[in-house]
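Participant: attaching a predicted model along with its sequence, questions to come.
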Amino acid sequence: MTPLKLALSLLPAVAAIGYASVANSYELYILATVGFYTMVGVGLNILLGLTGQVSLGHVGFYAIGAYAVAILTTDVGLGFWPSLIFAIALTGVVGILLSIPALRVSGPYLAMITIAFAFIIEHGAVEWRELTGGANGMMNIPPVSLFGFEFSELATIYLVIVMTALTLFLYWRFADGTWGLAMRAVRDSEVAGQSLGLNPVMIRAAAFGLSAMAAGLAGGLFSPIIAFVSPSSFSFFQSILFLLVVIIGGSGTVFGPLVGALIVGLLPEFLSDFAEYRLLFFGGLLLVVMWLAPAGIVGALTSWLGRGDTRIPDRDRENDVDVDAFLSREARADQLNVADLAISFGGVRAVESLDFTAKAGKITSIIGPNGAGKTTVLNVIGGFYKPDRGTVRMGDVDLAGKPSHVVSRAGVSRTYQTTELFGDLTVLENLLVALGQGRLGGFKSALTHMQSDAQACSQCEALLDFVGFKGDPGVLAKHLAHVDKRLVEIARALATRPDMLLLDEPAAGLSAQDTELLIPLLRKIAAAGVIVILVEHDMGLVMEVSDHIIVLDAGAPIAAGRPAAIRKNKKVREAYLGTGEVIDRARQTAIPEADRPVLDISQLVAGYGAAPVLQDIDLKVGEGEFVTVLGANGAGKSTLMRALSGLHRPVEGRILFIGDDITSWNAYRVARRGLVLVPEGRQVFPELGVDDNIRLGAYARDDFDDAAELEEMLDRFPALRQRRTSRAGLLSGGEQQMLAIARGLVARPDVIMLDEPSLGLAPALIEDLFSVLAELRDEERTILLVDQMAALALSVADRGYVLESGRVVHQGSAKDLKKDKSVEQAYLGGGR
Amino acid sequence: MSAIHSISRRGFVAVLSGFVSAIVLSVGAYAADPVKIGLVAALSGQSAKSGEAITRGLTVAIEEINSKGGVLGGRKIELIRRDDESNPAKGQIAARELIFKEKVAVFFGGLDSPVSLAIVPVANKAKVPFIGVWAAATPITRNGANPNYVFRVSAVDAIVDRALMQYAKKTYSTKKAGLILINNPWGESNEKGLKAASKIENVEIVGIEKFESKDVDVVPQLLRLKKAGADTLFLVANAAPGAQMMKSLGRMGWDVPVVSHWGISGGRFPELAGNMAEKVHFVQTYSFFGEQNEVGKKLLKRLIDKYDDIKGPEDVIPPVGVANAYDAMHLVAMAIDKAGSTDGDAIRKALTEIGPYNGLIKNYDKPFTDDNHDALSHNDYVMVRYYGNQIKAVK
Amino acid sequence: MLIVSSIITGLGLGSMYGLLALGFYITYSVSQTVNFAQGSSMMLGAVICYSVGVTHGWPMPLAMAVALLVCAGWGWIVERFVVRPFASRGSNSWLMATVAAGIVLENVVLFTFGKEPRSLPSPLAQEPILIGDLGIYPLQFLIPVVGLAIAFGLHIVSKRTKLGKAQLAVVQNPDAARLLGIDVKRAIVGAFMVSTVFAGVAGILIAPLFNVASDMGTLFGIKAFAVAIIGGIMSPWGVMIAGLAYGVVEALVTATLGSVYTQIMTFALVIVVLAAMPNGIFGKAEVKKV
């Protein structure tokens, strides 16, 4: 913090004190009100800004603080200061107690619990008359005094200003300390927080307690200053004002509560001449402010001013941290033993009798087609799922069934398929929060900015260098490019100095060049003595780096061994590419001309955030043609489907559909125009019946002949007829897939697109499915199919495109592609 | 203005001063300036009607005073109103604004007792007279301060409750009282008052039930009172909740006498309670129905002329707010003239010296003394009931 | 008698809570947002009905229709200008914004309609029907009937009509619904309009038993929110049943323990229920995925 910034930060306090010294009694009390609002606002900011939880009950804590001081200083005769301390402690305890029911709920449920709390306190104050003086309250609360000296009005207000400044200061220290960082981390991703050893229950309880204490402090000061407490000062409406203070000022910012308090406290005074119209104007102005600055005023200002000097540009400085030494701990577990592991979900076996051993210093990969249960295995090892039976032994400890923060503290760290970085934390903070392995420390570390710990920072930076992250560590993680997210997530996992690192598809969505970077990195990590478990679809990567490979199919291990052996294994090839002996379903009639495309895609670019997932896609589908798009996982197939169907917007380039440029159309318009997608994962409406699911397919049609067309579909898919009475959610995967296709067909689309229809289906069902697709083709429907079952897809298609890393790398007739080795490479790797 | 000068002199031209300087932009009083009179009352929310009634009573009185040349030899009276949102902390700040920023000579209070209770110490400390025209909690005027700057032209709960108890005993030979009270400070204050009165009058209280101002159905509470054997109900509530209670009573078919505090006259009780309205006997300081004194005739005419929504006495609601405020304003104007200045202490002294004054509610002889800051006493209460839309004394 | 009467009273009130809470359910299920100021929508229905029917003397059925139309319009305004600008940016400020909109509406009504509560006459709330020594207005029987009928109607509409099913589809899977040509944005606006219309119906129904005033809905709105939450906001029947239960519990607590405990007990019960069943009594746990 620069001296200038320090001076600027102190300015409000200095200005307030200066103003107070010349203000009249009315203005002093306005200052006090702003102070109270700020303190409660800071408390709410801990909850809302740091942990992302909304409370509409803070007036309850405010009231408890106020009543505690009032009762102790009048009835009990205790001095002001001990009363205040007691009041703060009491609200802290009540806050933690309230967090017990509040912890299990979130969103509107949490809001309701806090509302109920506020009402209970308000009514309790009315009814517990012996203690609180009932509805008419307590009068003549003695003023603040110290060592027998009574504070003057002015001195009391000085005290409020100092306390307000102190609260803001503590928040500023706290938000970037170990606890504050941990709260923000758990807010952004509870799952990832747990896998770094953070205990969300304890962290949320602490947030509630501290948040309540700030409100208690404000209440404790309220009593002697207003000298009168009664329940009507603590109505539910006050709670709403408190929340407004934070939201209008900007939650999660240091000065947000102050700015919010100035507005909520002062605006009514400016409007006081409006008398009875005051609330009307107040409500209206609040709406306007929220419209103009939805992230709060301070939030809007900081994003307008840019991030200023928060960057740490000094990335080239000497860094003598030895990452290898950092990673290689003594007395660490040297292997992982998984024995007889099994878990099922709702009767469906996800993993069955899995045994394997992974050694320290080696990379052990778990592969298998989609739905094989790979991620489930990682989730069991990582403590996210409790296995039905089996052991997960690392060193001498059995981790099976332990909660993930305990597993993490035992030395297990992981990354996620969809990166789970703490998006609103900087890259550096993402690593800093991991350094403590879930241990947050006491007051000192809670109030010390972690960025000011030079040693910790250089360790983190060394780790970032180690993984090859070349960007700015001061940037927010959510603004990172995809590849950088992957790298930072690995660095974060390493920051806990793990014995074992679980990597869930680290290469997903990475370009070939970026994937190359992972190879040496993974080897380096293993070389440091870490047990590395890799789940990955990119076979090139797997074959290259693995010391040992376990292949799963439908939850059961089908092969294990060295990469070369696995590549040749027949079972593995079948699991991936489908059986070699595919029934030939090639078209008997002549293939339609492709020169008049109904769907004409040119230069299509689409992506999420920084890096485009699809680049310069050119693709045509002619009328009556069956076109398939092939490619490994993460090649961009699903994004292509989402882009064509209008679910993914905006996209660049041009999508022409029967003469209309639909590039900017919303999904519902695209569907109504006649381009219908049967989405990945089937996505039937689970609570609706079979008939209704089919009927909804015809939603956009006016000429739907209910009875006849339903019959037609049930004839086409006889399996559905038998299940006609059940809810779609109860259907088997295959039945759901048929239902989804039927639902797409009744829309009478000009082109029907199918995204991974065979995903997760048993082989026999897949055969049925492709027979249906062949039938549809022979009815001269226009079809665009995306499927990972390359051999099968090519057995029905007329033409195909092969995607790799978001680009079309091959195209041609189905016949040609079947013979082309590049297709196999795209799936099983080996191209490298 | 001194505040602004000293700010810039001291160089504290900070962010905050921008916000606050507008507040300070008031200018001190010159001789020909109007005399400012304040009002802190609920102008919004569920008690908004009370603030409006007080405003009307004060406004008509001020217009009368100003049309006769104002006070202090030609200074007009100007009313400045502030909304307290029925929140004591807000009310206290509003009081400070009126005292320290607007520099009012005197200010009036509204309906909510807690707000007035919070303001009392401020008024006493700042030495600015504070006149209650509605809130009836006993400690507002009997606050132990000396000198005491708080006066009241309104009922006092303790005295009203005693009067109600006496009336019930006399009229209905009440032995077992059931209290049905609104759950707010006013209800609570009367709970105390009625309990105290019951001891003196030797009436047993067999049940105390509360209800919320937004309760739709009060049958469960009433059934409890009935079960407890109450032979007379004592009602303390404003018009709308009072009507809810009476409707519940009507549905139960429980024929029991109901004696009520004046709250039910604060709205369109006959409309809201329907045929049950006439069953309630209640206390009033003034009624605009029936034979009016000179002041009453004049005031009613002015109200009808001035406010579109007032067509007759049934539209003057709540009557107590208008009546009390009207008389209180005239008494204050007399006191200011007698004091010869807008100095708070002088006005306080003058208030205890004025009289006689022929007012609306009664002819005040010496409304206030050093010991008694309540202008109205139990002699000024009349027991009334609704006859159709009209409030008339019980025959 | 105390118990019977409390149960009848409670059912009447409870169906009001349920009706308002159904409004929360409808918007929350399609958009994960609610009009927090649902109480003021209820008030709007009653106030417009009074102004048109009593002040301007139009026939009552017409007045009710106008009131419900205005409510629908208010629902449109709330979604379009108060909820969507925030929800579409992923901000949860819509909660505060709807509260602010409620404050504005209540104050506008305060100055146009008037500050004093008025009574909306109804032939169904004149002569009580005597059951034993307990009188009950026909309207009190009607309210739970209408409440259940609306819940049932909602059920039928969503199960039997194309529009209702489309709405259900949006609830269950908005993306898949889009792919079938369903305009999800319009479905959300529609949900808000239906939600405020329900509130309006509740307001019109309760007004003759209660009174018409700018703040008549505030506490109702909060209790209805509690009901929606403990019912498990995603289940229409759960919400309606929770509403009835809430009303009955409230009345029973008052009748047996005394009114002193009513508010404290019922709100404490809300906390206890949610602590035991974090997704409400009839709600389903959302499965988290990694």
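Facilitator: Thanks, I have the structure now.
Participant: and A:Asn337, how many neighbours?
Facilitator: A:Asn337 is flanked by 15 other residues according to other CB atoms under 10 Å in any protein chain shown. Where you see a C-beta, it was placed from the backbone N, CA and C, and this is true even at glycine.
Participant: find the nearest non-adjacent residue to it, please.
Facilitator: Nearest residue to A:Asn337, sequence neighbours excluded (CB to CB, 6 or more residues apart in numbering or on different chains): A:Arg393, at 4.3 Å.
Participant: check which helix or strand covers the residue in the stretch 201-350 of chain B that chain A sits nearest to.
Facilitator: Closest residue of the stretch 201-350 of chain B to chain A, CB to the nearest CB: B:Lys210 (9.0 Å). Using DSSP states H and E, B:Lys210 maps to strand B:204-211.
Participant: residues from the stretch 101-250 of chain A in reach of chain B?
Facilitator: A:126, A:129, A:134-137, A:139-140, A:222, A:226-228, A:230, A:232-233, A:235, A:237-238 (CB under 8 Å from any CB of the partner chain).
Participant: that older thread, who's the residue of the stretch 201-350 of chain B closest to chain A bridged to?
Facilitator: Going by DSSP bridges, B:Lys210 is paired in beta bridges with B:Leu181.
Participant: go on, A:Phe149?
Facilitator: Where A:Phe149 sits in a bridge, its partners, by DSSP bridges, are A:Leu146.
Participant: looking at the stretch 451-600 of chain A, what residue ends up closest to chain C?
Facilitator: Counting by CB to the nearest CB, the stretch 451-600 of chain A gets nearest chain C through A:Asp504, at 8.1 Å.
Participant: A:Arg587 belongs to a strand?
Facilitator: No - in this structure, A:Arg587 is coil, not part of a strand, as judged by DSSP: H, G, I helix; E, B strand; the rest coil.
Participant: quick one, what contacts the residue nearest the centre of chain A?
Facilitator: Closest residue to the average C-alpha location of chain A: A:Ser189 at 5.2 Å, with CA atoms, centre = their mean. When contacts are counted by CB atoms under 8 Å, 6 or more residues apart in numbering or on different chains, A:Ser189 touches A:Glu420, A:Leu421, A:Phe422, A:Gly423.
Participant: list the buried residues in the helix or strand hosting C:Gln140.
Facilitator: In the assignment (DSSP H and E), C:Gln140 maps to helix C:138-160. Buried residues in helix C:138-160, counted by 16 or more other CB atoms under 10 Å in any protein chain shown: C:Leu139, C:Gln140, C:Leu142, C:Ile143, C:Pro144, C:Val146, C:Gly147, C:Leu148, C:Ile150, C:Ala151, C:Leu154, C:Ser158.
Participant: again with stretch A:153-161
Facilitator: A:Thr156, A:Ile157, A:Tyr158, A:Leu159, A:Val160, A:Ile161.
Participant: give me the mean pLDDT for it.
Facilitator: Mean pLDDT, stretch A:153-161: 92.
Participant: got the residues of the stretch 151-290 of chain C near chain A?
Facilitator: C:162, C:165-166, C:168-169, C:172-173, C:175-184, C:222, C:225-226, C:229-230, C:233, C:260-261, C:263-264, C:267-268, C:270-272, C:274-275, C:278-280, C:288, C:290.
Participant: filter these to the buried ones?
Facilitator: C:165-166, C:168-169, C:172-173, C:176-184, C:222, C:225-226, C:229-230, C:233, C:260, C:263-264, C:267-268, C:270-271, C:274, C:278-280, C:290.
Participant: just those: which are in strands?
Facilitator: Among those, none falls in strands (DSSP state E).
Participant: near chain C at all, stretch A:676-693?
Facilitator: Yes - under the criterion of CB under 8 Å from any CB, chain C is reached by stretch A:676-693 at A:Val676, A:Leu677, A:Pro679, A:Gln683, A:Val684, A:Phe685, A:Pro686, A:Glu687, A:Leu688, A:Asp692.
Participant: ok, back up a step: how about the residue nearest to the centre of chain A, phi and psi?
Facilitator: The phi/psi pair for A:Ser189 (degrees, to the nearest 10) reads phi -160, psi 100.
Participant: repeat for A:Ser251
Facilitator: Main-chain dihedrals, A:Ser251, degrees, to the nearest 10: phi -70, psi 150.
Participant: against C:Leu257, how distant is it?
Facilitator: 40 Å (CB to CB, to the nearest Å).
Participant: and those two? which has more neighbours close in?
Facilitator: A direct count of neighbours by other CB under 10 Å for A:Ser251 and C:Leu257 places A:Ser251 higher, at 27 against 13.
Participant: the more buried one and A:Leu48 touch, don't they?
Facilitator: Yes - the pair A:Ser251 / A:Leu48 is scored as a contact, 4.6 Å apart, by CB atoms under 8 Å.
Participant: does chain B have contacts with the helix or strand bottoming out on mean pLDDT in chain C?
Facilitator: Ranked by mean pLDDT, DSSP states H and E, the helix or strand of chain C with the weakest confidence is strand C:134-136, at a mean of 77. Yes - judged by CB under 8 Å from any CB, strand C:134-136 comes into contact with chain B through C:Leu134, C:Gly135, C:Ile136.
Participant: export those residues as TSV, with columns for neighbour count and distance to chain A.
Facilitator: Shown next, in TSV, are these (neighbours: other CB atoms under 10 Å in any protein chain shown; distance: CB to the nearest CB, whole Å):
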residue	neighbour count	distance to chain A
C:Leu134	20	28
C:Gly135	20	30
C:Ile136	18	29
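Participant: so what does the strand holding B:Lys210 touch, helix or strand wise?
Facilitator: When contacts are defined as 3 or more CB pairs under 8 Å, 6 or more residues apart in numbering or on different chains; DSSP states H and E, strand B:204-211 packs onto strand B:176-182, helix B:185-201, helix B:219-228, helix B:239-252.
Participant: to A:Leu279, which of those lies closest?
Facilitator: helix B:239-252 (19.9 Å; CB to CB).
Participant: okay, strands next: where are they in the stretch 1-150 of chain C?
Facilitator: Residue ranges of the strands in the stretch 1-150 of chain C, as given by DSSP state E, counting those that start in this stretch, are C:129-131, C:134-136.
Participant: now for those strands, which one comes closest to B:Arg162?
Facilitator: Closest among the strands of the stretch 1-150 of chain C, once you apply CB to CB, is strand C:134-136, at 34.0 Å.
Participant: check which helices and strands the closest one is in contact with.
Facilitator: Using 3+ CB pairs under 8 Å, 6+ apart: strand C:134-136 touches helix B:239-252, helix C:2-31.
Participant: near chain C, anything from the first one?
Facilitator: It stands for helix B:239-252. Yes - Helix B:239-252 reaches chain C (CB under 8 Å from any CB) through B:Ala239, B:Ala240, B:Ala243, B:Gln244, B:Lys247, B:Gly250, B:Arg251, B:Met252.
Participant: which strands or helices does that helix pack on?
Facilitator: strand B:176-182, strand B:204-211, helix B:219-228, strand B:232-236, strand B:258-260, helix B:269-273, strand C:134-136.
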